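Peer 1: After the sequence you'll find the predicted model.
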Amino acid sequence: MIIGLTGSIATGKSTVSRMLKEKGYKIVDADEISRQVVEPGSTVLEEIASVLGSDLILPTGELDRDKLGALIFNDPLEREKLNKIIHPAIRQEMVRQKEFWLEKGSHTVIMDIPLLFESKLQSYVEKIIVVSVAPSIQRERLMARNNLSLEEADARITSQLPVSEKEKGADAVINNDGTLEETERQLDAILSKWNAKL
Ligand SMILES: CC(C)(COP(=O)(O)OP(=O)(O)OC[C@H]1O[C@@H](n2cnc3c(N)ncnc32)[C@H](O)[C@@H]1O)[C@@H](O)C(=O)NCCC(=O)NCCS
Ligand SMILES: Nc1ncnc2c1ncn2[C@@H]1O[C@H](COP(=O)(O)OP(=O)(O)OP(=O)(O)O)[C@@H](O)[C@H]1O
């Protein structure tokens, strides 16, 4: 069984993904892959520099994530350009990792994909869990975690579909407004209902 784990920015996907990993599930993490595909010297990084600006590369040869974030979260056209360059490479590696775990005999593989709905990747997975929080909590947690102003946080939030829209496409919703224990209880109930074996 392939389970897609999604939500919106700072709603708690990584928190739920960590819980799943601790339980022993195999995870394919799109955010982690998005870091791997832009390693110094990679063709994806070279293309980002040539299309979006060579000043996005630090003297160490690494991607300047803060600068790229400031650019793409405030400008839909630049974001679209980045997505066109980076998303095919991310998708290819996600599929490779999923196949790897299935061949190794995993019964359930979790695909943690923040932009599952925006990128229309529903066909990659069999079941979808959406991690949701109230908009005010989402904004507070994002500002605290990334040390952002209200305006910066709102720019990131509005660069994605509202989490309320994503809930409509979910097979299960985890409400992460409360404590971590409450979140884990909801997760356990879903896993047991779906009989999601390791
Ligand atoms: C712009 C980048 C360099 C900013 O890096 P930074 O370390 O600050 O953020 P991080 O990668 O941890 O992403 C945090 C969250 O931002 C959101 N986000 C990232 N990229 C995008 C995007 N293109 N569109 C909308 N939301 C996005 C996601 O919810 C993600 O979980 C980075 O997010 C990136 O490379 N984005 C493009 C790849 C991508 O689309 N990743 C998201 C899922 S595959
Ligand atoms: N139930 C909770 N109670 C309090 N804080 C929480 C809870 N769940 C998550 N957080 C905190 O909220 C922030 C966002 O959570 P997390 O990083 O898991 O979100 P995410 O959906 O993975 O974000 P992104 O889309 O940016 O990758 C983190 O700082 C996390 O520690």
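Peer 2: It's in. As the structure is a prediction and not an experimental result, all values here were calculated from the model. Numbers count the residues shown, from 1 in each chain. Ligands and ions are numbered 1, 2, ... in the order given.
Peer 1: ok, the nearest residue to residue 83 once chain neighbours are set aside to ligand 1 distance?
Peer 2: What sits nearest to residue 83 in space, not counting adjacent residues and going by Cβ to Cβ, 6 or more residues apart in numbering, is residue 119, at 7.9 Å. Just so you know, the C-beta spots here come from the backbone N, C-alpha and C atoms, and that holds for glycine as well. Distance from residue 119 to ligand 1, counting by Cβ to the nearest ligand atom, to the nearest Å: 8 Å.
Peer 1: Just the pLDDT for residue 119.
Peer 2: As summarised for this prediction, residue 119 has a pLDDT of 97.
Peer 1: so what's it up against?
Peer 2: For residue 119, the contacting residues are 83, 87, 91, 113, by Cβ atoms under 8 Å, 6 or more residues apart in numbering.
Peer 1: in this protein, which ranges drop under the pLDDT threshold?
Peer 2: Across the chain, nothing is flagged by pLDDT under 70.
Peer 1: Pull up the residues of it that are close to ligand 1.
Peer 2: Residues of the chain lying close to ligand 1 by Cβ under 6 Å from any ligand atom are 9, 30-31, 34, 65, 68-69, 72, 79, 82-83, 86, 90, 114-115, 159-160.
Peer 1: what about the longest helix in the chain?
Peer 2: helix 76-103 (DSSP state H).
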